[in-house]
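> Here is my input; please provide its structure:
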Amino acid sequence: MSWIILGALGLLAALWLFNAMRNMDRGVLMRGLRWGVGGVLALIALIGLVLRRIDIATIVGALAASVLLRGRIGQFSFDSLAKSSGGNVSKVRSRYLAMELDHDTGALGGRVLDGAFAGWDLMDLGPDETRRLLDEVAADADSVNLLENWLDANRAGWREYFAEGGAEAGQGPGSGRDPIAEAYAVLGLRPGASDEDIRAAHRELMKGVHPDRGGSEYLAARINEARDLLLGR
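All right, here's what the predicted structure looks like:
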């Protein structure tokens, strides 16, 4: 009976270890296996020396040195498996954007999938391009959230810049900025749209970007300003 109990406990321990290893980061797991296997081989080599089995100690000692110093047993490499595990990276996509977050370094990268800037890396966008991209993705809440997260991580202070300095720069003499045309573009309408079309477009856009629903305060403000400007002409 005692053997049955010990066998059951051993099985439970094996299942627990398997589950823990399955949930562990592969890179960490392979590095742990490297040092574990190397340590066991080194211990066997030491025992061989104590028992005066020089042949066994020499062979196993060479394997232990290869594992501990080079991370290899013949063609098998612990280090290459750890590096090829893909690291601790999360990927997410929306209609307009693809993002990658490296959990080890905290770096957040992104590129544009659709629209006027399709194929661009977000790092290559200047202030004007970024503002146009924000306007372009305004109707897609997922893209807005991804872009704002990227800006928060890589362009500190962008909200204040766009709300104050960026807006003022666009209003200078000779800038060629047409507030009415810009307002129509924000709402996705053509010039001459009726008041009802303006209200309908405003309602539809606000469903995706309203701050109370986890959207963007900046874009909600832009959409409200566009509606007010067109209705108050």
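> Next secondary structure element downstream of the helix or strand of the chain with the lowest mean pLDDT?
None of the helices or strands of the chain scores lower by mean pLDDT, DSSP states H and E than helix 167-169, at a mean of 47. The C-terminal neighbour of helix 167-169 among helices and strands, as given by DSSP states H and E, is helix 179-187.
> Next, the buried residues of that next one.
Going by neighbour count (16 or more other C-beta atoms under 10 Å), the buried part of helix 179-187 is 182, 183, 184, 185, 186, 187. C-betas here are computed from N, CA, C, even on glycine.
> same deal with stretch 94-104?
Result for stretch 94-104 [16+ other C-beta under 10 Å]: buried residues 94, 96, 97, 99, 101.
> My read is that the last one contacts residue 110, right?
In other words, residue 101. No: between residue 101 and residue 110 there is no contact under C-beta atoms under 8 Å: 9.5 Å.
> Name the nearest residue to residue 138, ignoring sequence neighbours.
Distance criterion C-beta to C-beta, 6 or more residues apart in numbering; nearest residue to residue 138, sequence neighbours excluded, is residue 219 at 5.0 Å.
> Name the helix or strand for that neighbour, please.
Residue 219 belongs to helix 217-231, assigned by DSSP H and E.
> relative orientation of that helix and helix 179-187 in degrees?
For helix 217-231 against helix 179-187, the angle by axes from the mean of the first three to the mean of the last three C-alpha atoms, to 10 degrees is 130 degrees.
> quick one, helices of this protein?
For the chain, helices defined by DSSP state H occupy the ranges 2-23, 26-50, 54-65, 78-83, 127-136, 141-154, 158-160, 167-169, 179-187, 195-209, 217-231.
> now those in TSV, with distance to residue 120?
TSV is the format used below for the helices of the chain (distance: least, C-beta to C-beta, whole Å):
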stretch	distance to residue 120
helix 2-23	37
helix 26-50	31
helix 54-65	50
helix 78-83	29
helix 127-136	8
helix 141-154	12
helix 158-160	17
helix 167-169	22
helix 179-187	19
helix 195-209	22
helix 217-231	20
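> least reliable of those helices going by mean pLDDT?
The minimum mean pLDDT among the helices of the chain belongs to helix 167-169 (a mean of 47).
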